[in-house]
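> coords please:
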Amino acid sequence: MTPAQLRMARNALRIGTRELAEKAGVSFTTISRFETERGGMQHASAEAIRKALEAQGIQFLDNGEMAAGPGVALNK
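Below you'll find the model as predicted:
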């Protein structure tokens, strides 16, 4: 998960960093630092956030993967 993916996922769900932090069981500063690229994230925190987002319907894609439904992608 990249910072851009995390921002897009939160925006798609219309949830804030505090709400996501509560759902994932991590601190909101962990999410904020990662999204603004001011710090990395421990693997356990990243997995907790990913699972919380996926439980809400977010699908993370790697390069070349296709979405199972409507969505957005970042083209670099």
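
> what separates Glu28 from Ile49, distance-wise?
Just to correct that, residue 28 is Phe rather than Glu. 11 Å (C-beta to C-beta, to the nearest Å). For the C-beta atoms, the positions are set from N, CA and C on the backbone; glycine is no exception.

> list residues touching both of those two?
By C-beta atoms under 8 Å, 6 or more residues apart in numbering, Phe28 and Ile49 have these common neighbours: Leu20.

> got the contact list for the residue lying closest to Ala21 once chain neighbours are set aside?
By the measure of C-beta to C-beta, 6 or more residues apart in numbering, the closest residue to Ala21 outside its immediate chain neighbours is Phe28, 4.0 Å from it. Each residue near Phe28 by C-beta under 8 Å, 6+ apart is listed here: Thr17, Arg18, Leu20, Ala21.

> Using CSV, list the CA coordinates for stretch 17-26.
Only the C-alpha atoms of stretch 17-26 are listed here, as CSV (Å, rounded to 0.1, in the frame of the first residue of the first chain):
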residue,chain,number,x,y,z
THR,A,17,-7.9,9.4,9.7
ARG,A,18,-9.3,9.2,13.2
GLU,A,19,-12.2,6.9,12.0
LEU,A,20,-9.9,4.7,10.1
ALA,A,21,-7.4,4.6,13.0
GLU,A,22,-10.2,3.4,15.3
LYS,A,23,-11.4,0.7,12.8
ALA,A,24,-7.8,-0.5,12.3
GLY,A,25,-6.7,-0.2,15.9
VAL,A,26,-3.7,2.1,15.2
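
> Contacts for that stretch, please.
By C-beta under 8 Å, 6+ apart, the residues outside stretch 17-26 that reach it are 10, 15, 27-28, 30-32, 35, 45, 48-49, 51-53, 55-56.

> buried stuff in it?
Burial within stretch 17-26, assessed by neighbour count using 16 or more other C-beta atoms under 10 Å, is assigned to Thr17, Leu20, Ala21, Lys23, Ala24, Val26.
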